[in-house]
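S.K.: coordinates only, sequence not included:
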């Protein structure tokens, strides 16, 4: 079964907690994460069937509209993205490294999905919000041409939303760098 992901970022921590509870009670969704994010934002990531995720996100949007900063529902999301969100990916430290940094968790997740659907790459890591000033960053690996194409595609989406921060492609990262990531 293809899963979908819903991401909602709010500008109030108390309302974010309340909105998370409302989302979980409104539809049969699974909570990937819900937490305060820098600076003073609250972010929730939900997964499940497209209809349930859409219903939960729409419920939050209707009840907490004045507090919503950004939201997104992504259907038929690549399984690599789901695995990365749960922090259980086991991608090897090999090949080239590409990075896409955004000002929004929702945008970074969508950029990751676009990147892995564009070229033969793997998600090395997907970090959203915590300890990064509310930003999101996706790290992908693969052959340099594939990584470049994937980064360009994900970054192009982020640019259209106005939330692209920066990108990098490193053709052959030093072993010490791999050990620090």
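M.R.: Received it, and whenever you're ready, just let me know what you need. In this text, all values refer to a predicted model and were calculated from it rather than measured experimentally. Residues are numbered from 1 along each chain as shown.

S.K.: Kindly spell out which helices and strands sit in contact with the helix or strand residue 44 falls within.
M.R.: Take DSSP states H and E as the rule and residue 44 turns out to sit in strand 41-48. Other elements packing on strand 41-48 under the criterion 3 or more C-beta pairs under 8 Å, 6 or more residues apart in numbering; DSSP states H and E are strand 4-10, helix 13-26, strand 30-37, helix 50-64, helix 79-85, helix 105-118. Just so you know, the C-beta spots here come from the backbone N, C-alpha and C atoms, and that holds for glycine as well.

S.K.: switch to 7 Å and redo it
M.R.: Counting contacts by 3 or more C-beta pairs under 7 Å, 6 or more residues apart in numbering; DSSP states H and E, strand 41-48 packs against strand 4-10, helix 13-26, strand 30-37, helix 50-64.

S.K.: Can you tell me which of these is nearest to residue 176?
M.R.: Nearest of the helices and strands packed on strand 41-48 to residue 176, taken as C-beta to C-beta: strand 30-37 at 29.6 Å.

S.K.: Which residues outside that closest one are in contact with it?
M.R.: Contact with strand 30-37 is made by 13, 20, 24, 42-48, 85-86, 129-130, 134, as judged by C-beta atoms under 7 Å, 6 or more residues apart in numbering.

S.K.: Perfect, I'm done here.
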